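Novice: Can you look at this prediction? I've put the sequence above it.
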Amino acid sequence: MEHVFIKGTNEQAPTFLLLHGTGGNEKDLLGLGREYDAEASLLGVRGSELENGMPRFFKRLGMGVFDLDNLTFRTKELAAFIDEAAVEHGFDRDNVIVIGYSNGANIAANLFFEVGNVVKGAILHHPMIPRTDVVVPDLSGLKVWMGAGQNDQMVPLEQTVDLNAYLIQAGALTEIFWHNRGHQLTAEEVQSAKEWYEANLK
Ligand code: MLT
């Protein structure tokens, strides 16, 4: 996959797998990753699908309606990519944390739904339930923080609540931060994710 890797300054710090929203690219979340940990390695990835020229991590059939076959295919591609990138760039495969926004958060959620507990933790900004047609594998020990907007036009409240229920049911440890805005990231949301990361994963 198209990507950028920036080696961190501390061997013990994690590698952040950075997954952008629709229309973004591999560099979009580099600043956010740096904000969360100044010493971490950063692995920014570009989604392989294009929707009217806009990169995405998987195809959709309409707003919020996902092409599930393509979602499976692209999720497995991403899982394999993490393993390959660890070898190529020499980072600790057991110390990877996903940071995703919107479409990037959705494929991260699907990684948990279809592949399983393949990373140490996740910071998911405005995720949706990727699908409801699979049995979510055991996610014991996985730590997931989610940021959501009470007035998010793209992600109705129940999506966040239900995604949280799926994750907890599978054994993940979760936390949700709510703000009363829309689909955008807010400074408070970023601050909350950072504090959670420092308390739970650093
Ligand atoms: C998606 O298609 O993944 C969601 O609708 C969010 C987005 O538009 O990126």
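Specialist: Yep, that arrived. In this text the structure is predicted, and so the values were computed from the model without any measurement.
Novice: Can you name every helix or strand that the longest helix anywhere in the chain contacts?
Specialist: The longest helix of the chain (DSSP state H) is helix 68-89. Counting contacts by 3 or more C-beta pairs under 8 Å, 6 or more residues apart in numbering; DSSP states H and E, helix 68-89 packs against strand 3-6, strand 41-45, helix 103-110. Any C-beta I mention is one placed from the backbone N, CA and C, and that applies to glycine too.
Novice: 7 Å instead, please
Specialist: Contact here means 3 or more C-beta pairs under 7 Å, 6 or more residues apart in numbering; DSSP states H and E; on that basis helix 68-89 packs against strand 3-6, helix 103-110.
Novice: Return the most buried member of the ones you listed.
Specialist: Comparing the helices and strands packed on helix 68-89 by mean neighbour count (mean count of other C-beta atoms under 10 Å), helix 103-110 ranks first with a mean of 27.
Novice: Which is the succeeding secondary structure element to that one?
Specialist: Scanning forward in sequence from helix 103-110 by DSSP states H and E, the next helix or strand is strand 121-125.
Novice: any idea how far the next helix or strand along the chain from that following strand is from the chain center?
Specialist: Going down the chain from strand 121-125, the next helix or strand is strand 143-149, by DSSP H and E. With C-alpha atoms, centre = their mean, to the nearest Å as the basis, strand 143-149 stands 10 Å off its chain's centre.
Novice: From the contact counts, what lies against strand 143-149?
Specialist: So strand 143-149, by 3+ C-beta pairs under 7 Å, 6+ apart, packs with strand 121-125, helix 157-169, strand 173-179, helix 187-200.
Novice: and the angle from that strand to helix 157-169?
Specialist: Going by axes from the mean of the first three to the mean of the last three C-alpha atoms, to 10 degrees, strand 143-149 is angled at 170 degrees with respect to helix 157-169.
Novice: Could you report the distance from the residue nearest to M1 when sequence neighbours are not counted to the ligand?
Specialist: The shortest distance from M1 to any non-neighbouring residue, by C-beta to C-beta, 6 or more residues apart in numbering, is to F81 (4.8 Å). Separation of F81 from the ligand (C-beta to the nearest ligand atom, to the nearest Å) stands at 18 Å.
Novice: State the pLDDT value of F81.
Specialist: Note for F81: predicted pLDDT of 98.
Novice: May I have the phi/psi pair for the residue nearest to the spatial centre of the chain?
Specialist: Of all residues in the chain, the one closest to the mean position by C-alpha atoms, centre = their mean is G100, 3.1 Å from it. The phi/psi pair for G100 (degrees, to the nearest 10) reads phi -130, psi 150.
Novice: again, but for E51
Specialist: Per degrees, to the nearest 10, the backbone of E51 is at phi -120, psi 110.
Novice: neighbours around the closest residue in space to H20 that isn't next to it in sequence, how many?
Specialist: Computed as C-beta to C-beta, 6+ apart, the closest residue to H20 that is not its neighbour in sequence is D28, at 4.1 Å. A count of nearby residues for D28, using other C-beta atoms under 10 Å, gives 18.
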